[in-house]
Each structure stands twice: as structure tokens, then as C-alpha cells.
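Asks: when you get a sec, could you give me coordinates for this:
(one chain, ligands or ions: 2)
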Amino acid sequence: MKIALIGYGKMGKEIEKIALERGHEIVCRIDINSPDTFDSDAFRSAQVAIEFTTPEAAYHNFLNCFKYHVPVVAGTTGWLDKMDDIRQCVAGENQTFFYASNYSLGVNIFFAINKQLAKLMNRADGYDVSMVEVHHTQKLDAPSGTAITLAEGIIDNYNGKSAWALESSDKKEDLVIKAVREGQVPGIHTITYDSEVDEIMIHHSAKSRKGFALGAVLAAEFTAGKKGWLGMNDLLCLE
Ligand SMILES: NC(=O)C1=CN([C@@H]2O[C@H](COP(=O)(O)OP(=O)(O)OC[C@H]3O[C@@H](n4cnc5c(N)ncnc54)[C@H](OP(=O)(O)O)[C@@H]3O)[C@@H](O)[C@H]2O)C=CC1
Ligand SMILES: O=C(O)C1=N[C@H](C(=O)O)C[C@H](O)C1
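Replies: Numbering: from 1, shown residues only. Ligands and ions are numbered 1, 2, ... in the order given. Now for the predicted structure:
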């Protein structure tokens, strides 16, 4: 399969390794100072573009992919304010767009466990829930995209919370997400239901970026030949 990489940083390089191992061809690498561009035969020849750049750059990169009708696997986080606009482009222009806040297969299982646990916790009084996410110091957005997906899983399924708040809140109905930035941590997410008598924790810790990269390549393979809005639930047949 012919793949265009948009963003050739930590994730772009990790994805390239896995894509080559799985027999794919990288036709171009579009980065901030790279000679490769969208308006090129190489980019137009791509069967899918995998985008991991920055919250600021992602939206314009998606529009450039749409311009040339190249399907997108979107990995960048922190651009969700533009989500409605992208959904309209995908529906209105018959585009292909795969988005996951986290491509790791393990995290997507963790998302499902999180929803189940949230439903179960409605049966027990006396608990409060909170979340901590830990990432490397180069990360630009907070909370992480994964933390937002986890928060949505709790808010949609647990009666005690109706919104999330970063770092602190006076409102009992807000789910507080603490974002820690330290060292080279690839990504840790912990959810804790705390009561006077005990605590229940679920925890996911990525050991490297390999799991994110493999998931993104699997998503690219899944995306080929499809149209519309796609996600990990489609790929993993969840829900
Ligand atoms: N969904 C998921 O599973 C995962 C998502 N992510 C997300 O992916 C994104 C990238 O992460 P990561 O690879 O670690 O970050 P890096 O900073 O290592 O890489 C981003 C790359 O994009 C480049 N870039 C910046 N602006 C543009 C632009 N306009 N066009 C093309 N390239 C550009 C940067 O260049 P320069 O350095 O010169 O600015 C850099 O090389 C982040 O938003 C992160 O949160 C990360 C891991 C997993
Ligand atoms: O920036 C990162 O590194 C990561 N970003 C994603 C996020 O914001 O959730 C996924 C993963 O946690 C690593």
C-alpha cells in the first residue's frame, strides 16, 4: 500500500518502521521543512495519508488531504474544536477519515473496560472518580486526547459526572483530570474511584510508542477502499 506520512517526528518515524516491516511503501514525508509537498504526484499517488503533527497544524493538513481526495488516518490530538467542521467535510465531500485519540489496541480495550466500570459504579454509593494522565514534557496539549475519550466514557455512563475539568473544580459533578508532564513518558492513564472504605483503580501504561504506531498502520490498512468516518470501534468490531 502507498502511504504518505504527514509529520515526521517521533510518531511519523515509528510508523514508517512498522509500515515498511508490513510491506508498505512510503511515497512521501511531509514535515515542516521537508521538500515533499501536498501538490505533488507522490502525494496524489498515496492510498492513505497518516497524519501525526501538532494541534495547530492538523486541521489544515486534513483539508489538504481532502483537496486531493487522499483518505486520512488522523493521530494528532488537541484539534477537537474543529471536529464538526471536519465531520461536515467528510459527509459533504464523500471523504475518508479515520480518527482515534489513541491507536493502541490495549488502550481501546481499556476504553471499553472504562465504560463498563462506569456503568457498574452507578450501583454503589459513596465513590468519587478522578483521572491522572502522565506524558513526556514535549507534549503540547492537555489533557491528552486519550484522557478526553476516557472522560467521555465516564460522563456518558456514570450518573455522578456531567463534565470534565482540567486540574481542579469546585463542582462535584465535574470529573477532574490531572495532567502531569515528566521526562520521556510515552503515556499513562489512571482512573480512580475513591470512597471512605476503599479505592478501585484502572490503569494503562504504554511501554513505548510502538503500540500507537502499529494501531495507526492497521487503521491505514483497514481504511483502504472505504468511505466516511471511521474509528477503532469499526476496526476492532467493538460496541
Ligand atoms: N492518536 C494516537 O494514538 C497518538 C497521538 N499522538 C499525537 O500525535 C501528535 C504528534 O506526536 P509526536 O510524533 O510525538 O510529535 P513530534 O513533535 O515528535 O512530531 C510532530 C512532527 O510534525 C511536524 N510538524 C509541525 N507542523 C507541521 C506541519 N504544518 N506540517 C507537517 N509537519 C509538521 C513537526 O516538525 P517540527 O518538529 O520541526 O515542528 C514534527 O516533526 C501529537 O498531537 C500527539 O498528541 C501521539 C502518539 C499517539
Ligand atoms: O502526545 C503523545 O505522546 C500522546 N498523545 C495521545 C493523546 O493525547 O492521548 C496518545 C498517547 O497518549 C500519546
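Asks: how about the residues of the chain by ligand 1?
Replies: 6-12, 30-32, 52-55, 57, 61, 75-78, 100-103, 212 (Cβ under 6 Å from any ligand atom). Glycine gets a C-beta too; all of them are placed from N, C-alpha and C.
Asks: mind checking which of those land in strands?
Replies: 6, 30 (DSSP state E).
Asks: in helices, which of the residues of the chain next to ligand 1 appear?
Replies: Among the residues of the chain next to ligand 1, the ones falling in helices (DSSP state H) are 10, 11, 12, 55, 57, 61, 212.
Asks: near the second one, how many other residues are there?
Replies: One way to gauge burial is a neighbour count; for residue 11, by other Cβ atoms under 10 Å, it gives 21.
Asks: that one and residue 217, how far apart?
Replies: Distance, residue 11 to residue 217, by Cβ to Cβ, to the nearest Å: 11 Å.
Asks: selection in PyMOL covering whichever of the residues of the chain next to ligand 1 are buried, please.
Replies: For the buried members of the residues of the chain next to ligand 1, the matching PyMOL selection, counting by 16 or more other Cβ atoms under 10 Å, is:
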select buried, resi 6+7+8+10+11+12+30+52+53+54+55+57+61+75+76+77+78+100+101+102+103+212
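Asks: and ligand 2, which of the residues of the chain next to ligand 1 reach it?
Replies: Answer for the residues of the chain next to ligand 1 near ligand 2 (Cβ under 6 Å from any ligand atom): 77, 101, 102.
Asks: any idea of the mean pLDDT for the longest helix seen in the chain?
Replies: What stands out as the longest helix in the chain, according to DSSP H, is helix 105-121. Average pLDDT, helix 105-121: 98.
Asks: that helix vs ligand 2: in contact?
Replies: No: using Cβ under 6 Å from any ligand atom, helix 105-121 stays clear of ligand 2, coming no nearer than 7.5 Å.
Asks: buried residues in the helix or strand just after that helix, which are they?
Replies: For helix 105-121, the following helix or strand on the C-terminal side (DSSP states H and E) is strand 128-135. Neighbour-count burial for strand 128-135 flags 129, 130, 131, 132, 133, 134, 135 (criterion: 16+ other Cβ under 10 Å).
Asks: over to stretch 230-239?
Replies: By 16+ other Cβ under 10 Å, the buried positions in stretch 230-239 come out as 230, 231, 232, 234, 235, 236.
Asks: and the gap between the closest residue to the last one other than its chain neighbours and residue 41?
Replies: Of all residues beyond its chain neighbours, the one nearest residue 236 is residue 108 (5.8 Å), with distances taken as Cβ to Cβ, 6 or more residues apart in numbering. Plainly put, residue 108 is 35 Å away from residue 41 if you go by Cβ to Cβ.
Asks: quick one on the thing from earlier: next, count neighbours for the residue nearest to residue 236.
Replies: 20.
Asks: rewinding a little: same for the longest helix of the chain, what does it pack against?
Replies: helix 145-157, strand 188-194, strand 199-205, helix 210-223, helix 232-235 (3 or more Cβ pairs under 8 Å, 6 or more residues apart in numbering; DSSP states H and E).
Asks: of the ones you listed, which is nearest residue 177?
Replies: Of all those, the one in closest proximity to residue 177, counting by Cβ to Cβ, is helix 145-157 (5.1 Å).
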